[in-house]
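K.L.:
What follows is a predicted protein model with its sequence.
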Amino acid sequence: MEQNCCDVIRPMSVVAQEAINYIAGRREHSITSLKTRWVKFNKQCMGGIEPNTVYTIAGISGSGKSSMANLIQTDLIDLNPNEDIIVLTFSLEMVGFRQVGRTLSNKLRRTTSTLYSSETDLDDETFRKVIDVSNKLKEYPIYFVDNPGTPMQVDAIIKWFYNEYVKGTDKHFIIIYDHALLTKQVGSVIETVSELERVFIQAKKLPMTSVIQLAQMNRNIEQPERINNPLSHYPMRSDLSSSDAIFQASDYVLVIHRPEILNIQEYGPNHLPVQNKVYVHMLKNRDAGKPCILEFENDLMYNNLIES
């Protein structure tokens, strides 16, 4: 026990030097945030996806949270060519190849229904493009976990992956988890999510590691009294399922919202437009400041969001 305590207790002299090293690294650009395609998003998030940080992207079903995470996953590799990046994606809501289908939809500007020949057979030229882009995607350092596990199993997978592929390198390690409520239960839902959040808090402490988790909203925001009152349109902390555990564990909490699908005609007290609009509400920003709202054009038919 005495030896274990010695391992976890560190003096201010050590921690202060770590702060100096981190600030110097940011100043010299040896430590960087990873850029996404969204300039305003990057600005609100200290330049992009930060190391040693937990991000939560929440939303109701159909809001676009999985598409947003999918875009971030490939953007980090496409837009940061000088950085060594590796991604571990827990794709619990859909199998991995359908995640890749969304990426193909975005890159080829074809709907997934077109790619999957749901109405007419895919034409030869588009299929050749599918093969070409897919072969390029094969080079992306992205790994998928399709099967839900308990928080303990998730922890074991992250630790094994880190030791196998990341430890001893200068890689940015990105963990994407879609989504929290699909974790295999141990006890109650709240107990399971709380334990999962403890896993993510420990994971983000690994060198150059970021966690991006997706979370489901509860049905409160869909209630008539919320829809009919512009002062109650905007999502709140209490709208997150298992909100306390997720909110406390997160450094950033973003809620992606499409008021149009709730038949809202004008959004919020400022009467924001709703047609073909997607809003991202930053409810928590541990590093850089105040809550804000980011506006996007809805391009989700191609699994895309266009910053307004």
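P.N.:
Received it, and whenever you're ready, just let me know what you need.
K.L.:
rest of the way, CA atoms for contacts and neighbours
P.N.:
Will do.
K.L.:
neighbours of Gln223, just the number please.
P.N.:
Close neighbours of Gln223, defined as other CA atoms under 10 Å, add up to 10.
K.L.:
no wait, Gln265
P.N.:
16.
K.L.:
What pLDDT does the model give it?
P.N.:
Gln265 is assigned 92 on the pLDDT scale.
K.L.:
Contacts only, for the nearest residue to it once chain neighbours are set aside.
P.N.:
Leaving aside its sequence neighbours, Gln265 sits nearest to Val274 (CA to CA, 6 or more residues apart in numbering; 6.5 Å). Applying CA atoms under 8 Å, 6 or more residues apart in numbering, we find Val274 in contact with Arg258, Pro259, Glu260, Ile264, Gln265, Glu266, Tyr267.
K.L.:
Those residues in helices, which ones?
P.N.:
Among those, no member falls in helices (DSSP state H).
K.L.:
which residues of the stretch 201-308 of the chain fall in helices?
P.N.:
Along the stretch 201-308 of the chain, counting by DSSP state H, counting those that start in this stretch, helices occupy 224-227, 243-249.
K.L.:
circling back to that earlier point, now, which of the contacts of Val274 sits nearest Pro207?
P.N.:
Arg258 (35.5 Å; CA to CA).
K.L.:
which one of the contacts of Val274 has the most neighbours?
P.N.:
Tallying neighbours with other CA under 10 Å puts Pro259 at the head of these, with 26 neighbours.
K.L.:
so Ser118, which of the three states?
P.N.:
Following DSSP: H, G, I helix; E, B strand; the rest coil, Ser118 is assigned to coil.
K.L.:
okay, it: pLDDT?
P.N.:
78.
K.L.:
One more: Asn218?
P.N.:
87.
K.L.:
what does the one 5 residues further on give?
P.N.:
Predicted confidence (pLDDT) at Gln223: the value is 92.
K.L.:
Distance of it relative to Leu214?
P.N.:
Between Gln223 and Leu214 the distance is 22 Å, computed by CA to CA, to the nearest Å.
K.L.:
same question, Phe247
P.N.:
Counting by CA to CA - Phe247 and Leu214 are separated by 12 Å.
K.L.:
Just name the most buried of the helices of the stretch 201-308 of the chain.
P.N.:
helix 243-249 (a mean of 19; mean count of other CA atoms under 10 Å).
K.L.:
by contact count, what packs against that one?
P.N.:
Applying 3 or more CA pairs under 8 Å, 6 or more residues apart in numbering; DSSP states H and E, we find helix 243-249 packed against helix 189-203.
K.L.:
for the helix it packs on, which positions count as buried?
P.N.:
Judged by neighbour count using 16 or more other CA atoms under 10 Å, the buried positions of helix 189-203 are Val189, Ile190, Thr192, Val193, Ser194, Glu195, Leu196, Glu197, Val199, Phe200, Ile201, Ala203.
K.L.:
Spatially central residue for the chain, please.
P.N.:
Ile212 (3.7 Å; CA atoms, centre = their mean).
K.L.:
Apart from its neighbours in sequence, what residue is nearest Glu93?
P.N.:
Asp178 (6.3 Å).
K.L.:
same question, Arg198
P.N.:
Closest to Arg198 by CA to CA, 6+ apart is Ala249, at 7.5 Å.
K.L.:
Check the gap between the one you found and Gln202 for me.
P.N.:
10 Å.
K.L.:
same thing with Lys167?
P.N.:
15 Å.
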